[in-house]
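Chemist: sequence and predicted structure are below.
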Number of protein chains: 2
Amino acid sequence: MTIRVLIVDDHEVVRQGLRFVLEQEEGIEVAGESGDGAAALHAVRGLRPDVVLLDLVMPVMDGLAVLERLRGQAERPAVIVLTSFQEEDRVVEAVRLGALSYLSKTTAVDRVVAAVRAAARGGSVLEPGIAALLLGQVRQGGRPRPLDLLTPRERQVLSALARGRSNSEIARDLRMGRETVKTHVSSILAKLGVADRTQAAIFALQQGLVPLDEALG
Amino acid sequence: MTIRVLIVDDHEVVRQGLRFVLEQEEGIEVAGESGDGAAALHAVRGLRPDVVLLDLVMPVMDGLAVLERLRGQAERPAVIVLTSFQEEDRVVEAVRLGALSYLSKTTAVDRVVAAVRAAARGGSVLEPGIAALLLGQVRQGGRPRPLDLLTPRERQVLSALARGRSNSEIARDLRMGRETVKTHVSSILAKLGVADRTQAAIFALQQGLVPLDEALG
DNA sequence: CTTTTGCTCCCCCTACGGGGGGAGGAAGAA
DNA sequence: TTCTTCCTCCCCCCGTAGGGGGAGCAAAAG
């Protein structure tokens, strides 16, 4: 009984590399390839693979969206997330959405093969660093998204901050004292776990609190 | 007369993929692989390849450093830069240092093959987006985009700034004094016409100097 | 009712950020 | 050659930013 694998990555060279590696293996068969998330969902329905090797960073529909759509489906395949750089928050998110393994593309190919075989029987292969990270996260219960921790007023301040406004300007905009703005900013920094206002602004933009193209007046 | 290619990339799957693709081709031979810049330089001397496929982002010694060392050598190979994401400043820098082609890993594999064949006879294959960017750099048609006003070093600083790094961190990252960073930041603010570092970061993210999802580590 | 949460503002204090100016060296252009 | 650009680092100066507290007050939650 061969393990049928679907490879999802927007880089063709990566797909070719994985295909090449996997086809060397006994009992593993590459059922297909997809270049983006939408195509991947279609391929999953059509090909019914046992294992999906899924890249997180992709155009059109990224890996997390694919995982979300896959979750709750009846015969869903085992998913191994395979990404270029370890992005902490995404790791946790991906595992929460049902990814079995999380490998960096810098890992040796035999680990990829091992992960595929493990995934086919429902097991996980995690890199040491990733495993430690997950343990730390799980211990704190799920993860409330940082933006939800903010009070309404703080979100307003963060929003102005992400538009590049200074504390004094924010004070005028929102009709409050400069000191009050500072208080809000401090608690924002603490709640988001960032070091300064620039990082807070970047975070807000990433979260879509403010559309990037509206950020500067 | 076969074209002998050296593959340089820190990701083993990428190396495997490229090797697989290139070895399918008539008249192209993979002479070797290297996982970092230092090894690549050694391999160039030992193997004397005709073409080097070079990844820019690597540990130990990155692609730009390799290009720099290669420049001015007698029988230097043709270099094709192949990287995951288009980083504007690096593109220009790489071409200036003698790279013949600059391809994104998202390109179809036949373009990689075409680039290798072109490079072997001294030609270039550029992606449309990259080509447009270079044209904008070389001949200043249209209004000069503010980013083009920045010196290479300033772009590096802005890039770090847009990742949320502080002046001291940037100093460590780019190996210079904190005072020097401040000098660069000041001229960046002046050239971009913004008030502070947060606005500069937002601007850089809008311009795509740093992909939004890579901005915070 | 009390307690908690959120908003407001105050203080002190340190450090980082940014303006302004100066200056040396390396590299390239005129 | 000289001139210019760029990178490097220095100084002083001061405003802002951010940490750490404290505190009053209203609304909601217990």
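Modeler: Cool, got the structure.

Chemist: surely residue A:80 is within a helix?
Modeler: No - counting by DSSP: H, G, I helix; E, B strand; the rest coil, residue A:80 is not part of a helix but strand.

Chemist: quick one, what contacts it?
Modeler: Residue A:80 is in contact with A:51-54, A:99-103, A:112, A:115-116, A:119, counting by C-beta atoms under 8 Å, 6 or more residues apart in numbering or on different chains. Yep, even glycine has a C-beta here, placed from its N, CA and C like the rest.

Chemist: let me know the closest of those to residue B:147.
Modeler: residue A:54 (34.2 Å; C-beta to C-beta).

Chemist: looking at it, the closest one is touching residue A:78, isn't it?
Modeler: No - judged on C-beta atoms under 8 Å, residue A:54 makes no contact with residue A:78 at a distance of 10.4 Å.

Chemist: the two: which is more packed in?
Modeler: Set residue A:54 next to residue A:78 and count neighbours by other C-beta atoms under 10 Å in any protein chain shown: residue A:54 wins out with 27 against 23.

Chemist: quick check: bridge partners of the more buried one?
Modeler: In this entry, residue A:54 is beta-bridged to residue A:8, residue A:81, by DSSP bridges.

Chemist: got the residues of chain A near DNA strand C?
Modeler: Within chain A, the positions lying close to DNA strand C (C-beta under 7 Å from any atom of the strand) are A:151-154, A:171, A:174-180, A:182-184, A:196.

Chemist: out of those residues, which are buried?
Modeler: Buried members of these, scored by 16 or more other C-beta atoms under 10 Å in any protein chain shown, are A:154, A:171, A:174, A:176, A:180, A:184.

Chemist: looking at chain A, which helix or strand does the model trust least?
Modeler: None of the helices or strands of chain A scores lower by mean pLDDT, DSSP states H and E than helix A:128-139, at a mean of 43.

Chemist: element containing the closest residue in space to residue A:25 that isn't next to it in sequence, please.
Modeler: The shortest distance from residue A:25 to any non-neighbouring residue, by C-beta to C-beta, 6 or more residues apart in numbering or on different chains, is to residue A:113 (5.6 Å). For residue A:113, the element it lies in under DSSP states H and E is helix A:109-120.

Chemist: buried residues, that helix. List them.
Modeler: A:109, A:112-120.

Chemist: in these, find the pair that's most separated.
Modeler: The widest separation within the buried residues of helix A:109-120 (C-beta to C-beta) is 17.0 Å, between A:109 and A:120.

Chemist: compute the first-to-last residue distance for stretch A:169-180.
Modeler: End-to-end distance of stretch A:169-180 (C-alpha to C-alpha, to the nearest Å): 12 Å.

Chemist: pLDDT score for the residue lying closest to residue A:209 once chain neighbours are set aside?
Modeler: Nearest residue to residue A:209 in three dimensions, chain neighbours excluded: residue A:159, at 5.7 Å (C-beta to C-beta, 6+ apart). pLDDT, residue A:159: 90.

Chemist: from DNA strand D, how far out is residue A:159?
Modeler: Taking C-beta to the nearest atom of the strand, to the nearest Å as the measure, residue A:159 falls 15 Å from DNA strand D.
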